[in-house]
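Participant: Quick one: sequence and predicted model below, then my questions.
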Amino acid sequence: MSFNEPHIDYAGISPLIALTVGLCVVLLSAVFRPLRRTAPLLTMVALGATAGLLVWQWDDPKTLITGALRLDDLAISISLIAILTAAFCVLLSLRERATEEAGSGEYHALLLGSVLGMTMLAQATNLVTFFVALETLSIPLYILCATNLRREGSLESGLKYLIVGSIGSATLLYGMAFLYGGTGSTNFAGIAHGIARSGLDGDPLILIGIAMAAVGLAFKTSIAPFHQWTPDVYQGAPTPITSFMAVATKAAAFAVFLRFFDVALGSQLDSWQPALAALAAISILVGNVGALGQDSLKRLMGWSGVAQAGYMLGSVVVASEAGTSALVFYLAAYAFMNLAAFAVIVARERETVFGDDIRGVRGLGAERPLLAWPLTISMLALAGLPATTGFIGKLYLIEALVEGDYTWLAVFIAVGTMISLAYYLRVVAAMWMRPEGERAAGARPAIAGASPEADPVDPEAGRRWSLAGPALLAAAATVFFGIVPQPLVDFAEHAGRSLFG
């Protein structure tokens, strides 16, 4: 009896190898005293090497490890978004108290571990790799949320995320078990074949499996009514980690959302499309209404993320090349918009007594115009105003929904956008139409809904390149791709063709 070893394409898995090696090197840097301050630099090198290896394989789709993974333009584009977000997180984490308390090496190693999970998740085409990648993504984030050890809110955030995330993972795993029982396969293509063979009507196991898998993914992507953890975790976690979670987790989870529903379950569109469309509509309304009364900017961004997840879910519903392209474009735009906002929030938390309360940005236009403009552009882009990527992204999503005969859901996006103007423009008004906020002096006041991140106050925090630089860069990209969207459109269309072409 002979053993036939599986063929391993080392070039194809080289991005995963680079992240794994980088993770180990960064973790070891914490052991050797002379290298302890090099963790951010080593992390950036690992992220840069991974991005280079991904770009090297652009437009060269391949199946890896006997069908467990697929490296195509969709996986590459989502992985690049996650890497970009992680790089911004590294910059925002400089001088962050959570980094010092957790240990720089450990903190950045956990960050790379989460990026590794996201890269695997974007490539997953098998239930086993799907679940392993999801947990590789999630477990480091549970710890990172609680790394500000002296803040009760941070510890509460990590515990809450752990409990709710575990419930979501358990629900997803249970659904996967039903799907395997009903189809006899863990591979996405095998599941599609098993469903075509038996039919949904003849096997309730498959129906239950689809429903539970959808619920599990809804937990991970903050889709209402499975969103309850999002505002609390966003507020309590260290703000650089919140910025990373807000973008990268959504990107990776929606990538596998696409593959799972459009590949494994693509033959049964009529059965799951109405349910996902209803979830998208609920999420749009709940997220936008929930954000209206928020004074904490991080909670506001959390509720906004619930609404944005509803917009993105619409692109999964239509199950088409146009929908996939619209999703990738919007995720890239969402990364720029969010990173600009969170960079400013980090700066104001460190240089004012108000933490992430909206009072921290009052009068910012007069006091710190280099911070006020990125936050203004971010809010206007999230609201979908013209000359920003948010406007182009929403048009792209609406066009895909109309082409897919879901015009009513496109109307929900338009209505949600109008509601969102109330809270996004409130932030803009606080910066440009209010007197300058209180100077960073004295004791930090107790503010309901605020989550102060730095003590003592650092009045020069907003002037540092590590905060102002990323904010300005992300804001500039938001405007540039809103005026000249074609490069980002081409990037997104490659991803759409890789899944449906």
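Facilitator: Okay, I see it.
Participant: Can you report how many residues lie near residue 405?
Facilitator: Counted by other Cβ atoms under 10 Å, the residues lying close to residue 405 total 10. For the C-beta atoms, the positions are set from N, CA and C on the backbone; glycine is no exception.
Participant: Next: residue 173.
Facilitator: 17.
Participant: quick one: contacts for it?
Facilitator: 131, 216 (Cβ atoms under 8 Å, 6 or more residues apart in numbering).
Participant: And it, which helix or strand is it part of?
Facilitator: Assigned by DSSP states H and E, residue 173 belongs to helix 152-183.
Participant: next structured bit after that helix?
Facilitator: That would be, after helix 152-183 and using DSSP H and E, helix 188-198.
Participant: can you list the weak-confidence ranges in the stretch 201-350 of the chain?
Facilitator: 201-202, 267 (pLDDT under 70).
Participant: ok, back up a step: report the angle between the axes of the helix holding residue 173 and helix 188-198?
Facilitator: 50 degrees (axes from the mean of the first three to the mean of the last three Cα atoms, to 10 degrees).
Participant: Buried residues, helix 152-183. List them.
Facilitator: 153-158, 160-162, 164-165, 168-169, 171-176, 178-180, 182-183 (16 or more other Cβ atoms under 10 Å).
Participant: And the helices in the stretch 401-501 of the chain?
Facilitator: 407-432, 465-483, 486-500 (DSSP state H, counting those that start in this stretch).
Participant: Turn these into CSV, columns for mean pLDDT, distance to residue 239 and mean neighbour count.
Facilitator: Compiled in CSV, the helices of the stretch 401-501 of the chain are given as follows (pLDDT from 0 to 100; distance: least, Cβ to Cβ, whole Å; neighbours: other Cβ atoms under 10 Å):
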stretch, mean pLDDT, distance to residue 239, mean neighbour count
helix 407-432, 93, 16, 18
helix 465-483, 90, 11, 20
helix 486-500, 87, 26, 19
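Participant: Adding distance to residue 120, write these out as JSON lines.
Facilitator: As requested, the helices of the stretch 401-501 of the chain are exported to JSON lines (distance: least, Cβ to Cβ, whole Å):
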{"stretch": "helix 407-432", "distance to residue 120": "31"}
{"stretch": "helix 465-483", "distance to residue 120": "26"}
{"stretch": "helix 486-500", "distance to residue 120": "17"}
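Participant: what's the closest of those to residue 377?
Facilitator: Minimum separation from residue 377 across these (Cβ to Cβ) falls at helix 465-483, 4.3 Å.
Participant: What separation do you get for the residue nearest to residue 289 when sequence neighbours are not counted and residue 92?
Facilitator: Among residues not flanking residue 289 along the chain, residue 419 sits closest, at 6.8 Å (Cβ to Cβ, 6 or more residues apart in numbering). Residue 419 sits at a distance of 29 Å from residue 92 (criterion: Cβ to Cβ, to the nearest Å).
Participant: same question, residue 160
Facilitator: Separation of residue 160 from residue 92 (Cβ to Cβ): 22 Å.
Participant: I'd say residue 253 and residue 222 touch.
Facilitator: No: using Cβ atoms under 8 Å, residue 253 is not in contact with residue 222, being 9.1 Å away.
Participant: The closest residue to residue 165 other than its chain neighbours: neighbour count?
Facilitator: For residue 165, ignoring the flanking residues on the chain, the nearest one in space by Cβ to Cβ, 6+ apart is residue 138 at 5.3 Å. Other residues near residue 138 come to 21 when the count uses other Cβ under 10 Å.
Participant: What are the buried residues along the helix or strand hosting residue 138?
Facilitator: If you go by DSSP H and E, residue 138 is part of helix 127-145. Neighbour counts over helix 127-145 (16+ other Cβ under 10 Å) mark 127, 129-145 as buried.
Participant: do stretch 21-32 as well
Facilitator: For stretch 21-32, burial by neighbour count (16+ other Cβ under 10 Å) applies to 22-23, 25-27, 29-30.
Participant: That stretch - what's its average pLDDT?
Facilitator: What stretch 21-32 shows for mean pLDDT is 89.
Participant: Surely residue 499 and residue 74 touch.
Facilitator: Yes: counting by Cβ under 8 Å, residue 499 touches residue 74, with 5.2 Å between them.
Participant: who touches both of the two?
Facilitator: 258-259, 324.
Participant: export these to JSON lines and tack on distance to residue 197?
Facilitator: Shown next, in JSON lines, are these (distance: Cβ to Cβ, whole Å):
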{"residue": "258", "distance to residue 197": "23"}
{"residue": "259", "distance to residue 197": "21"}
{"residue": "324", "distance to residue 197": "26"}
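Participant: Out of the residues you listed, which is nearest to residue 289?
Facilitator: Of those, the one sitting nearest to residue 289 (Cβ to Cβ) turns out to be residue 258, at 27.4 Å.
Participant: Next up, the contacts around the closest one.
Facilitator: 74, 316, 324, 327, 499.
Participant: can you redo the residues you listed as CSV with distance to residue 64?
Facilitator: Below are these laid out as CSV (distance: Cβ to Cβ, whole Å):
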residue, distance to residue 64
74, 14
316, 24
324, 20
327, 23
499, 16
